[in-house]
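Visitor: kindly return the folded structure for what I paste below:
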Amino acid sequence: LASSNGEKIKALMEGDISEYSSSSEADLALMGHLAFWFNRDAPTMDTVFRESSLYRKKYERDDYAKRTICKAINNTKSVYQPSLKKHAEEKGEYIPNPDRYKLLSVAEYLALPTPEFLVDKTLPQKGIAAVIGYSGAGKTFVVLDMVAAISRGEDWFGRKTKKTSVVYVVAEGTLQNRIKALQGEKKVNFDEASFHLVRDPLDIFRSSDDVNDLALKIPKGALVVIDTLAQTSPGMDENSGKDMGQVIQNCKILQQEIDGLVLLVAHTGKGKGDDIRGHSSLRAALDAAIIVNRKVNERGWKVLKLKEGEDGKEESFRLQQVEVDIECNTSCVVVQSCKSEMTWKPSKNELIAQDVLSIIIDSKKQASNAEWQSAFCARLKDQGEEIKDETAKRNYRSAKKALIDHKLVREDNGMFTLVSSITEED
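Guide: Got it, this is the predicted structure:
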């Protein structure tokens, strides 16, 4: 009764003929099943039928039993052969299975559940995805900000999220100050029941055991972040299709076990522009991909690939520097910004003002107006510029105002500190 027709056989044995137009048709259907399972053996078929609830006086009338058994045997083209099946399995031979595939009509196919999103039009609820970017672009800041919102079911960059448990595998660096920054600046309350981190070594290249053991600890339907792909695949030749195929297979195993989303954090490749580093099979295997970019003072992210949605729309953000403890240690938080905020290009003086301020606060955490102005004017003179003191001070005041207006420098009681930074090159 464990076969694909088990429920039908059970119903007939219990006398349920609701699927048939007559009792005789039901008798023949049961006999057909018995002919298959008992190798067309008439005596055995007769014995089993008599034990069913279909058995009645009519079965003993004239030659009804004989005719029904013979017809069932003639209609049965193949029989169950357990010994041959076992032999074929042992030899790895093909065993026909007519019930393996189901043909769906268009109506049946359209009635299937449609994919749902963890982040609306950005990340699917299930599958394999990646957030990519070059080193320093801010991808881990973006990922942590996003999954913190997902774990609480809060909107992210104006997009709805589905509240989901998050497990973050921290394989590169530390997130302690970044988490403290979110808790302090954005008042993020990390729910102990829905947000967890893993610091133990993970190998998704050579060790399927690591993958299976991790899956045992993860709630069903969860989001698993692996940060980064490079640190969790030691020894992999990322340009080898064979090696990358093994990583992809292990990611698929993890995804199937948790029935959720596996999110990889990875780097872009040299000379590849907006593409993930390594063999092209990885991008092909992804259900979604987000790229984080940085050009001069502009930062942004966009959907690079989304199987069930639209890609290409870019969102802008800046990294706001915040203190995370009484020792004045700092980190950054992601702050959404409008495109209009990101069109400003820094002047030479503004770059100098930022640079000299960063040197001062490296040792003192903050700088006074006098210290900053003195360092700025000294830098101009060091570069050999023939400029009057009053002109240098006027250039300083203009550069200072621009940095503050664009929220790259913060003033507190006459002391200045960097919130974010800009560079001359893309």
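
Visitor: buried set for stretch 371-382?
Guide: Residues 371-377, 379-380 are the ones in stretch 371-382 that count as buried (16 or more other Cβ atoms under 10 Å). Where you see a C-beta, it was placed from the backbone N, CA and C, and this is true even at glycine.

Visitor: where's P98, which helix or strand?
Guide: Counting by DSSP states H and E, no helix or strand carries P98.

Visitor: and for A129?
Guide: Counting by DSSP H and E, A129 is found in strand 127-132.

Visitor: which ones are touching A193?
Guide: By Cβ atoms under 8 Å, 6 or more residues apart in numbering, the contact list for A193 reads S165.

Visitor: which stretches in the stretch 201-350 of the chain count as helices?
Guide: 208-217, 241-258, 280-285, 348-364 (DSSP state H, counting those that start in this stretch).

Visitor: helices or strands up against the longest one?
Guide: Packing contacts for helix 241-258, counted by 3 or more Cβ pairs under 8 Å, 6 or more residues apart in numbering; DSSP states H and E, involve strand 127-132, helix 208-217, strand 261-266, helix 280-285.

Visitor: and stretch 154-162, how far apart are its ends?
Guide: 8 Å (Cα to Cα, to the nearest Å).

Visitor: stretch 266-279 now?
Guide: End-to-end span of stretch 266-279 (Cα to Cα): 13 Å.

Visitor: who touches that stretch?
Guide: Under Cβ under 8 Å, 6+ apart, the answer for stretch 266-279 is 130-135, 228-230, 238-241, 243-244, 282-283, 286, 289, 291, 293, 304.

Visitor: what remains of those if I keep only buried residues?
Guide: For those, a neighbour count by 16+ other Cβ under 10 Å gives the buried set as 130-133, 228-230, 238, 243-244, 282-283, 286, 289, 291, 293, 304.

Visitor: which secondary structure element of the chain has the lowest mean pLDDT?
Guide: Taking mean pLDDT, DSSP states H and E as the measure, helix 82-91 is the helix or strand of the chain with the lowest mean score, a mean of 59.

Visitor: can you pull the buried residues of the helix or strand following that one?
Guide: The C-terminal neighbour of helix 82-91 among helices and strands, as given by DSSP H and E, is helix 106-110. Buried residues in helix 106-110, defined by neighbour count with 16+ other Cβ under 10 Å: none.

Visitor: again with stretch 293-304
Guide: Quick answer for stretch 293-304 (16+ other Cβ under 10 Å): 293-294, 297-304.

Visitor: just stretch 310-329 next, same as before
Guide: Within stretch 310-329, the residues that count as buried by 16+ other Cβ under 10 Å are 311, 315-324.

Visitor: closest to I258 out of the residues you listed?
Guide: Proximity of those to I258 (Cβ to Cβ) peaks at D311, which lies at 25.2 Å.

Visitor: picking that back up, which residues sit against the strand holding A129?
Guide: Outside strand 127-132, the residues that touch it by Cβ under 8 Å, 6+ apart are 123, 139, 142-143, 229, 248, 251-252, 255, 261-268, 275-277, 282, 285-292, 301, 304, 307.

Visitor: right, I'll leave it there.
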